[in-house]
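In: let's see this in three dimensions:
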Amino acid sequence: MLALGIDPGTAITGYGLVRQAENGDLLALAHGVIQTMPGIPLPERLVAIYRETVRLLEQYQPDTAAVEKLFFQKNVRTAISVGQARGVVLLALAQAKVPIGNYTPMEVKQAVAGYGNADKQQVQHMVQALLNLEEIPRPDDAADALAVAITHLQISRFKSAYE
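Out: The predicted structure follows:
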């Protein structure tokens, strides 16, 4: 099964594609970021995020996807714009009829590092170990997206075992 993980943001949206073999082994196929230009209006940034998400879906044709849920931040304006970026990603996934999972940052940390309050470095090291990578994926947003994909695959596999 091939999962696309997304860590949404208006300036930088991370993505990661992880394949899970029948035996449970995980393989990172691709990861990176969708970066929008600073200073351009938010609607144009959202169009860029949407178009790049559609391009990723067409290129990799994932079986499933997961998007990190928004957690309330101190800066409400930032939270709203990130929510809008998340919305255009969800739209692209829904239009492509890709099943979608949604996970909070705490759920991702719990699934990947075994501890819901793990710090960013702990999660990144676990992503590196779980995917058998030579180094920690960069930038951070891409590593976070890979963690979201890993979480979705692990939770989906667990759920299917009990269905």
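
In: could you use CA atoms for every contact and neighbour count after this?
Out: Noted.

In: tell me where this protein has strands.
Out: With DSSP state E as the definition, the chain shows strands at residue ranges 2-7, 12-20, 26-35, 64-68, 100-103.

In: need the winner for burial among the ones you listed.
Out: With neighbours taken as mean count of other Cα atoms under 10 Å, the strands of the chain reach their highest mean count in strand 2-7, at a mean of 30.

In: now that one and strand 64-68, what's the angle there?
Out: Orientation note: strand 2-7 sits at an angle of 10 degrees relative to strand 64-68 (axes from the mean of the first three to the mean of the last three Cα atoms, to 10 degrees).

In: hey, C-alpha coordinates of strand 2-7 in PDB?
Out: This file holds the C-alpha atoms of strand 2-7, laid out as PDB (Å, rounded to 0.1, in the frame of the first residue of the first chain):
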ATOM      1  CA  LEU A   2       1.300   3.500  -0.900                       C
ATOM      2  CA  ALA A   3       0.400   6.300   1.500                       C
ATOM      3  CA  LEU A   4       0.900  10.000   0.900                       C
ATOM      4  CA  GLY A   5       1.500  12.000   4.100                       C
ATOM      5  CA  ILE A   6       0.900  15.800   4.200                       C
ATOM      6  CA  ASP A   7       2.000  18.300   6.800                       C
END
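
In: partners of that strand, with directions?
Out: strand 12-20 (antiparallel), strand 64-68 (parallel) (DSSP bridges).

In: tell me the buried residues in the longest helix that the chain contains?
Out: Longest helix in the chain by number of residues (criterion: DSSP state H): helix 140-161. By neighbour count on 16 or more other Cα atoms under 10 Å, the buried set for helix 140-161 is 140-154.

In: okay, the strands paired with strand 2-7 in a markdown table with distance to Arg77 next?
Out: Shown next, in a markdown table, are the strands paired with strand 2-7 (distance: least, Cα to Cα, whole Å):
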| stretch | distance to Arg77 |
| --- | --- |
| strand 12-20 | 16 |
| strand 64-68 | 18 |
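
In: make JSON lines from those strands and add mean pLDDT and distance to Glu58 to it.
Out: Formatted as JSON lines, the strands paired with strand 2-7 follow (pLDDT from 0 to 100; distance: least, Cα to Cα, whole Å):
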{"stretch": "strand 12-20", "mean pLDDT": "97", "distance to Glu58": "13"}
{"stretch": "strand 64-68", "mean pLDDT": "98", "distance to Glu58": "13"}
